[in-house]
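1. no sequence for this one, just the structure:
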């Protein structure tokens, strides 16, 4: 596998980042009871992931940031029967910082992308788990 990360601040107010990773996984030998998972991919190991984003900090303490991420398909089990979906997710945040406090509004999974993010087989039953839906909120935090 390989991974690359880059960060750049072209001026005092703007921060940019990007990253990408590629990995190929394979069990060389994996026997579990009567099951042979040799040759299967590792669980929860997508072949490709990438992200990019930016933050702009205004001189008055206000900031705006956003990022987009991609996660390729993967499997939730060693048998490679429960497939996690690939997905693009967009996140935004706008806020204001002072020395002892900060307030910000955020949106995760802004476009409410629906995807399977995991699963499990228990006995004869297989369960799939949905990824996090769009989440928005406001946070205030301070230091005493």
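-> In hand now; what should we look at? Given the structure is predicted, the values throughout are model-derived calculations rather than measurements. Numbering: from 1, shown residues only.

2. buried stuff in stretch 68-78?
-> Going by neighbour count (16 or more other C-beta atoms under 10 Å), the buried part of stretch 68-78 is 71-72, 74-78. Quick note: C-beta positions are derived from backbone N, CA and C, even for glycine.

3. no wait, stretch 43-63
-> Under the neighbour-count criterion of 16+ other C-beta under 10 Å, stretch 43-63 has 43, 45-47, 49-51, 53, 55, 57, 63 buried.

4. shouldn't residue 14 be in contact with residue 54?
-> Yes: Residue 14 lies in contact with residue 54 (C-beta atoms under 8 Å); the separation is 6.7 Å.

5. Let me see the ranges of the strands in the protein.
-> Along the chain, counting by DSSP state E, strands occupy 2-8, 14-22, 31-32, 35-36, 48-57, 62-71, 74-75, 83-84, 87-97, 101-108, 116-122, 125-130, 135-142.

6. who touches stretch 86-95?
-> 46, 53, 62-73, 102-111, 113, 115, 131 (C-beta atoms under 8 Å, 6 or more residues apart in numbering).

7. okay, which residue is most central for the chain?
-> Per C-alpha atoms, centre = their mean, the C-alpha nearest to the average position across the chain is that of residue 69, at 6.3 Å.

8. That one reaches residue 51, doesn't it?
-> Yes: with contact defined as C-beta under 8 Å, residue 69 counts as touching residue 51 (4.0 Å).

9. related to what we said a few turns ago, okay, the strands of the chain, which one's buried deepest?
-> Across these, the average number of neighbours (mean count of other C-beta atoms under 10 Å) peaks for strand 74-75, which reaches a mean of 22.

10. mind checking pLDDT for the residue of the chain most remote from its centre?
-> Farthest-out residue of the chain from its mean C-alpha position, per C-alpha atoms, centre = their mean: residue 34, at 34.5 Å. Confidence at residue 34, expressed as pLDDT, is 88.

11. With distance to residue 10 and pLDDT as extra columns, can I get the buried residues of stretch 68-78 in a markdown table?
-> Below are those laid out as a markdown table (distance: C-beta to C-beta, whole Å; pLDDT from 0 to 100):
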| residue | distance to residue 10 | pLDDT |
| --- | --- | --- |
| 71 | 28 | 97 |
| 72 | 30 | 96 |
| 74 | 35 | 94 |
| 75 | 40 | 93 |
| 76 | 40 | 90 |
| 77 | 45 | 88 |
| 78 | 45 | 89 |
